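A.B. asks: below: sequence and its predicted model.
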Amino acid sequence: MNVFPYLVAAWIFLTGCYGLVTSRNLIHAVGCLAVCQASTYVLLLAVGYRDNGTAPVFSDLKPGTRPLVDPVVQALALTDVVVGATVTALLLALVLQIAKRHGTVDPDELTELRG
């Protein structure tokens, strides 16, 4: 078992989290959340990968002759991409509305939003 893809996924996630913690701009924070989301793509594809695996769509393969990749994990990765793009677009729209109403995208200057 190769642990390199899992380490890459963890590194991408931690890089996004570091950027999120140190962000002084809401647009930058949304970008860092998108980087954290990208780490899940790598993780899902690493879980579903098989050495010398083939796509499970061929009916002429005899069972047990070759390993097959897991199509469920690939479908989850594709769904993850769509959900990530949607969430990013929604967050950027919210940041745009905050910038219009408050005139800034610095989270420290948004005192009206504190609870």
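C.D. replies: Cool, got the structure. Source: prediction; values computed, not measured.
A.B. asks: next, give phi and psi for residue 110.
C.D. replies: phi -90, psi 70 (degrees, to the nearest 10).
A.B. asks: the top helix by length along the chain: which residues count as buried?
C.D. replies: Ranked by residue count, the top helix of the chain under DSSP state H comes out as helix 71-102. By neighbour count with 16 or more other Cβ atoms under 10 Å, helix 71-102 contains the buried residues 73-74, 76-77, 80, 84, 91, 95, 98. Heads up, the C-betas are built off the backbone N, CA and C, glycines and all.
A.B. asks: helices or strands up against that helix?
C.D. replies: Packing partners of helix 71-102 (3 or more Cβ pairs under 8 Å, 6 or more residues apart in numbering; DSSP states H and E): helix 26-48.
A.B. asks: find the centremost residue of the protein, please.
C.D. replies: Nearest to the mean C-alpha position of the chain, by Cα atoms, centre = their mean, lies residue 37 at 1.8 Å.
A.B. asks: spit out the contact partners of it.
C.D. replies: Contacts for residue 37 (Cβ atoms under 8 Å, 6 or more residues apart in numbering) come out as 16, 80, 84, 87-88.
A.B. asks: from residue 72, how far off is it?
C.D. replies: Look at residue 37 and residue 72: by Cβ to Cβ, to the nearest Å, they are 19 Å apart.
A.B. asks: what does residue 49 give?
C.D. replies: To residue 72, residue 49 is 13 Å away according to Cβ to Cβ.
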